[in-house]
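J.: Show me how the following folds:
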Amino acid sequence: MIISKLSIIISAIHSWKAYYTGTTGLSQFPEFVALNLIDDQLMGYFDSQTNRFKGQFKWMEDNLGKDYDDQQTNILQGAAATFKNNVKVAMDRFNQTQGVHAFQFMYGCELDDDGSKRGYLQYGYDGENFLRFDKNTLTFTNKWDSTRADWIKKYGRDTLERISVALIITA
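T.: Sure, this is the predicted structure:
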């Protein structure tokens, strides 16, 4: 019997991701939650009920400084107010006066062992992607069909891109 050796190349992808979610209509859930993940492990957490960012690893303080949690807390307190407003604006645009709704923002980056890099940024409302940044073309792409995007037509792509950039800067 001949036994052949099989070489398996395992590629590692390292990632950093941030998820921000603003909600309305959920009495037992914070109006705003932010999660930071490294390689799909929770790195830090913030919600509008505790109103504090909490890093999850000792290495964070060692490498990022003792003030890192406080800095993130200040940033995310501002993001909480922004997202509360974003949910209200989207509800208004869709003629919604009540109910459970969520405005979401996800961004991050990945690094392969071979050195290749990927980044992403996208927005969602009520579980549907509606705006995604394409880094290859440096443009925002609307993901909603025309029946759900009437307000995008009304306010125009330029306005949405300015709003998106403002949100990125404040987030």
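J.: hey, where'd the strands end up in the chain?
T.: For the chain, the strands defined by DSSP state E occupy 13-24, 32-38, 41-47, 52-55, 101-112, 117-125, 128-134, 139-142.
J.: Which strands border the last one, and is each parallel or antiparallel?
T.: As defined by DSSP bridges, the strand partners of strand 139-142 come to strand 128-134 (antiparallel).
J.: Return the set of buried residues in the strand it pairs with.
T.: Phe130, Leu131, Arg132, Phe133 (16 or more other CB atoms under 10 Å). To be clear about C-beta, it is placed using only N, CA and C from the backbone, and glycine gets the same treatment.
J.: just to revisit the earlier point, among the strands of the chain, show the one with the smallest mean pLDDT.
T.: Here the lowest mean pLDDT among the strands of the chain goes to strand 139-142, at a mean of 75.
J.: Show the contacting residues for the residue nearest the centre of the chain.
T.: The residue lying closest to the centre of the chain (CA atoms, centre = their mean) is Met106, at 2.0 Å. When contacts are counted by CB atoms under 8 Å, 6 or more residues apart in numbering, Met106 touches Lys17, Ala18, Tyr19, Tyr20, Tyr120, Leu121, Gln122, Gly124.
J.: do you know which of the strands of the chain lies nearest Ala80?
T.: Ranking the strands of the chain by proximity to Ala80 (CB to CB) places strand 32-38 first, at 3.8 Å.
J.: So which elements touch the longest helix seen in the chain?
T.: Criterion DSSP state H: the longest helix present in the chain is helix 68-93. When contacts are defined as 3 or more CB pairs under 8 Å, 6 or more residues apart in numbering; DSSP states H and E, helix 68-93 sits against strand 13-24, strand 32-38, strand 41-47, strand 52-55, helix 58-64, strand 101-112, helix 157-170.
J.: that older thread, what is the residue nearest to the centre of the chain paired to in the beta sheet?
T.: Counting by DSSP bridges, Met106 forms beta bridges with Tyr19, Gln122.
J.: got the buried residues for stretch 40-58?
T.: For stretch 40-58, the neighbour count (16+ other CB under 10 Å) marks Met43, Gly44, Tyr45, Phe46, Asp47, Ser48, Phe53, Gly55 as buried.
J.: Relative to Val33, how far out is the last one?
T.: Gly55 sits 16 Å away from Val33 when distances are taken as CB to CB, to the nearest Å.
J.: roughly how far is stretch 30-37 from the heart of the chain?
T.: 9 Å (CA atoms, centre = their mean, to the nearest Å).
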